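[1] build me a model:
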Amino acid sequence: MSCTERCPTSTPSYSRGYIQPLLSHLRFQTRFRRPDLIAVIDRFHAKRSRIAPSSATEYRPREANFVADYLAEQGSAFLLHRSPAPSALQSIQEHEVDPPYELLLIYNASIFGRHAAGKTVLVLREVPACSLQALSTVAPQVDDHTQRLLPDLVLATQKLTRGHIVEYVAAATDGCGRVYAKQACAQHLPKPVRAFVYAQTHQEIDMAGAHYEIIRRYVNSSSLPHIHSLREILSELWGENATIADENLIKMFPIRVINAGAPATLRFLQRHHLTIAGFVSAP
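    Down below sits the predicted model:
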């Protein structure tokens, strides 16, 4: 079988393969009697129901499916070079294969990544602002985790030559209000690398202070300080890491004021015996 490919939300997803008996089993038209093969297929069903629940199964000849052809060659090479063992013939062995990034680029493919279950709350078109050559000079200097992320980003953006759509979903949050995507995206990169790739086309947003900043910019206020300035003031008042009940006051204070209102915020400060800044006063 080939890999399951994630298509844009406007078109259906497909699980494509070139073995008709296996495809019939995936469509629940037939069934296998070998327990070892059934276990593998059951894992595929579980993964597909989670990643692409609306996907369709489609036959494609091997010669027309370059990914399947590549994986079949890798599987044949694995079987040819493994040492024979009696136990190996009694069950299916899984073999990890690195994604054929260069092959996908040759065929002008692109990846969309795994979609987390949940409501899509934000869709961004992320446009890189550096060349592949420039990124290649930086890649050897980053950590191993970032080096593993960069091939996905290069593939999704066609070697950094075009933007790609990224879906941020409500289910993929870190508990502090930040929303994450499962596709290759800017947010997965460390801040210095993200700035290098996207600085000319995107602006950094502090998600924990996004409500405050949106309101400040929308009303074009000259009295409300920038979120960074506000946090510097709060740091001087309460200390760099003031935390009450797992809430970082410096990061969440602007959102608390906006969501809870000034009276409730003042009561919160007074209840915890926190200094009330001069620019915060009861109505």
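[2] C-alpha only now, for contacts and for neighbours.
    Noted.
[3] tell me, how many residues neighbour Leu237?
    If you count neighbours by other C-alpha atoms under 10 Å, Leu237 ends up with 15.
[4] grab the nearest non-local neighbour of it.
    Excluding its sequence neighbours, the residue lying closest to Leu237 (C-alpha to C-alpha, 6 or more residues apart in numbering) is Thr275, at 6.7 Å.
[5] and that neighbour, that one's in a strand?
    No. Read with DSSP: H, G, I helix; E, B strand; the rest coil, Thr275 is coil and lies in no strand.
[6] start at 623, not 1
    Fine by me, first position is 623 from now on; the one you just mentioned is Thr897.
[7] check contacts around it.
    Contacts here follow C-alpha atoms under 8 Å, 6 or more residues apart in numbering; on that basis Thr897 touches 859-860, 891.
[8] likewise Ile855?
    Taking C-alpha under 8 Å, 6+ apart, one finds nothing in contact with Ile855.
[9] and what of the one 5 residues further on?
    By C-alpha under 8 Å, 6+ apart, Trp860 lies in contact with 896-897.
[10] can you tell me how far it is from Leu746?
    36 Å (C-alpha to C-alpha, to the nearest Å).
[11] Leu846 now?
    Note on Leu846: its distance to Leu746, by C-alpha to C-alpha, is 28 Å.
[12] which one's more surrounded, these two?
    Neighbour count, other C-alpha under 10 Å: between Leu846 and Leu746, Leu846 has more, with 16 against 12.
[13] sec struct for the more buried one, please.
    Secondary structure, three-state DSSP: Leu846 is coil.
[14] torsion angles phi and psi at it?
    Main-chain dihedrals, Leu846, degrees, to the nearest 10: phi -80, psi 120.
[15] correct me, but it touches Tyr840?
    No. Contact criterion C-alpha atoms under 8 Å: Leu846 and Tyr840 do not qualify, at 11.5 Å.
[16] show me where the stretch 623-772 of the chain has its helices.
    642-648, 657-673, 688-703, 723-728, 754-760, 766-778 (DSSP state H, counting those that start in this stretch).
[17] also the stretch 773-905 of the chain?
    Assigned by DSSP H, counting those that start in this stretch, the stretch 773-905 of the chain shows helices spanning 813-820, 832-840, 849-860, 871-882, 884-893.
[18] which of these sits closest to Tyr790?
    Across the helices of the stretch 773-905 of the chain, Tyr790 has its closest neighbour in helix 832-840 (15.4 Å, C-alpha to C-alpha).
[19] packing partners for that closest one?
    Counting contacts by 3 or more C-alpha pairs under 8 Å, 6 or more residues apart in numbering; DSSP states H and E, helix 832-840 is packed against helix 871-882.
[20] pick the most deeply packed of the helices of the stretch 773-905 of the chain.
    Comparing the helices of the stretch 773-905 of the chain by mean neighbour count (mean count of other C-alpha atoms under 10 Å), helix 871-882 ranks first with a mean of 18.
[21] taking helix 832-840 as reference, get the angle to that one.
    Orientation check (axes from the mean of the first three to the mean of the last three C-alpha atoms, to 10 degrees): helix 871-882 against helix 832-840 gives 70 degrees.
[22] now do helix 871-882, average pLDDT.
    Averaging pLDDT along helix 871-882 yields 83.
[23] kindly export that helix (C-alpha atoms) in CSV.
    Extracted C-alpha coordinates of helix 871-882, given in CSV (Å, rounded to 0.1, in the frame of the first residue of the first chain):
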residue,chain,number,x,y,z
LEU,A,871,-0.2,36.9,36.3
ILE,A,872,2.1,38.8,34.0
LYS,A,873,1.0,36.9,30.9
MET,A,874,-2.6,36.5,31.7
PHE,A,875,-3.4,39.9,33.5
PRO,A,876,-4.4,41.7,30.3
ILE,A,877,-6.8,38.9,29.3
ARG,A,878,-8.2,38.8,32.9
VAL,A,879,-9.0,42.5,32.7
ILE,A,880,-10.7,42.2,29.3
ASN,A,881,-12.6,39.0,30.0
ALA,A,882,-13.4,39.4,33.7
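[24] gap between it and the chain center?
    Put simply, helix 871-882 sits 27 Å off its chain's centre (C-alpha atoms, centre = their mean, to the nearest Å).
[25] tell me how many other residues crowd His848.
    Neighbour tally, His848, other C-alpha under 10 Å: 15.
[26] tell me which residue is most central in the protein.
    Lys804 (2.4 Å; C-alpha atoms, centre = their mean).
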